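> Let's see this in three dimensions:
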Amino acid sequence: MNTVKKESLLLVDGMALLFRAFFATAVTGQFMYNSKGTPTNAVYGFVKHFFTAIQSFKPSHVAVCWDMGSKTFRTELFSDYKANRSEAPVELMPQFDLVKEMVQAFDVPNIGLEGYEADDCIGTIAAKKGKEMDILILTGDQDILQLLDDRISVVLLKKGFGNYLIHTKDTLFEEKGIRPKQLIDIKALMGDPSDNYPGVKGIGEKTAIKLIQQFEHIDGVVSNLDQLTKGQRTKIEQDLEMLHLCRTLAEIKCDVPVDCVLEEAIFNINREKAIMKIRDVELKGLHRFLNIQEELA
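Got it, this is the predicted structure:
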């Protein structure tokens with residue numbers, strides 16, 4: 001009896017992989033310039049992370065999602081959103097286009113949309129394709145755990161290559177006692193220093209989790225202010241407008257006008273084309289990953 005191979009789509013958070021790869025070597029100044037004078041350390045690490053994940057999870061389909069600039073609908077709503085982020089290091093700048101060229105050479109779609117973040121593209125595609133196949137999201141960003149669903153899992157990158165923490169909606173509940181969508185309300189209450197939005201001043205993670213476990217969502221919290229301590233009630237009443245704004249900032253949009261054409265996302269590398277690009281960019285040693293096609297057959 002023939003068994004049909006189960007289809008799955010690996011959605012890669014491109015910037016998460018690229019930045020992780022860059023800073024892993026940049027601290028020691030290992031920028032790996034090629035003969036054209038272009039730094040390649042981030043691209044090298046990205047490709048290694050990319051293929052290591054494919055070897056580990058053996059998806060039938062792959063797509064990479066990207067941020068398309070710092071201006072998004074979130075910065076229009078709240079000008080301080082991610083305003084604490086410094087500009088990308090000069091050694092990383094030329095690698096943004098180069099890494100997309102590498103992905104293209106592997107015949108993997110690059111997906112992104114101006115005005116939105118990669119997370120919004122990932123969320124939209126996962127919601128659509130999760131109805132017909134298993135979805136794996138590869139990232140280093142825990143914000144994306146809000147997307148967990150019956151057929152959507154999140155693979156969080158850990159230190160080194162091939163080290164992952166895999167989350168499902170069940171593991172999230174076991175660990176924190178909350179459902180994926182409740183993470184949005186928790187972030188709305190506690191804020192997010194890394195994305196630079198404040199939440200409710202004086203409400204930390206423990207209190208935020210406790211309130212959402214008790215009242216389900218922020219509307220439930222606001223409807224039951226009389227049941228809160230005087231301090232909690234005062235803090236929320238003073239920051240009510242900000243609380244609702246932060247919820248909008250924290251929520252990944254799953255209705256962005258993007259799609260992933262599955263026929264184009266089938267993982268099927270043209271080995272010669274890929275080797276030519278690897279040689280052109282001078283990413284020594286990475287050609288060994290191209291035997292992956294035979295391994296996945």
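> can you pull the buried residues of stretch 229-243?
232, 235-236, 239, 242-243 (16 or more other Cβ atoms under 10 Å). From N, CA and C alone the C-beta is placed, and that goes for glycine too.
> tell me which of these is nearest to residue 138?
Nearest to residue 138 among the buried residues of stretch 229-243 is residue 243, at 31.5 Å by Cβ to Cβ.
> what residues are up against the closest one?
By Cβ atoms under 8 Å, 6 or more residues apart in numbering, residue 243 lies in contact with 188-189, 199-200, 218, 222, 236.
> 7 Å - rerun?
By Cβ atoms under 7 Å, 6 or more residues apart in numbering, residue 243 lies in contact with 188-189, 200, 218, 236.
> phi, psi of it?
Dihedral pair for residue 243: phi -60, psi -50, per degrees, to the nearest 10.
> mind checking how far it is from residue 120?
Distance check for residue 243 against residue 120: by Cβ to Cβ, to the nearest Å, it reads 21 Å.
> circling back: most neighbours among the contacts of residue 243, which one?
Using other Cβ atoms under 10 Å as the neighbour test, the contacts of residue 243 are led by residue 188, with 28 neighbours.
> what packs against the host helix or strand of that residue?
Here residue 188 is covered by helix 182-190, with elements defined by DSSP states H and E. Applying 3 or more Cβ pairs under 7 Å, 6 or more residues apart in numbering; DSSP states H and E, one finds that helix 182-190 makes contact with helix 205-215, helix 218-223, helix 240-250.
> Would you mind checking the average pLDDT for that helix?
Across helix 182-190, the average pLDDT comes to 98.
> Report the backbone C-alpha coordinates of that helix in CSV.
C-alpha atoms of helix 182-190 as CSV (Å, rounded to 0.1, in the frame of the first residue of the first chain):
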residue,chain,number,x,y,z
GLN,A,182,-5.1,35.8,24.6
LEU,A,183,-1.4,36.7,24.1
ILE,A,184,-2.7,39.8,22.2
ASP,A,185,-4.6,41.0,25.2
ILE,A,186,-1.7,40.3,27.6
LYS,A,187,0.6,42.3,25.4
ALA,A,188,-2.0,45.1,25.3
LEU,A,189,-1.9,45.3,29.1
MET,A,190,1.8,44.9,29.7
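> Cheers, nothing more for now.
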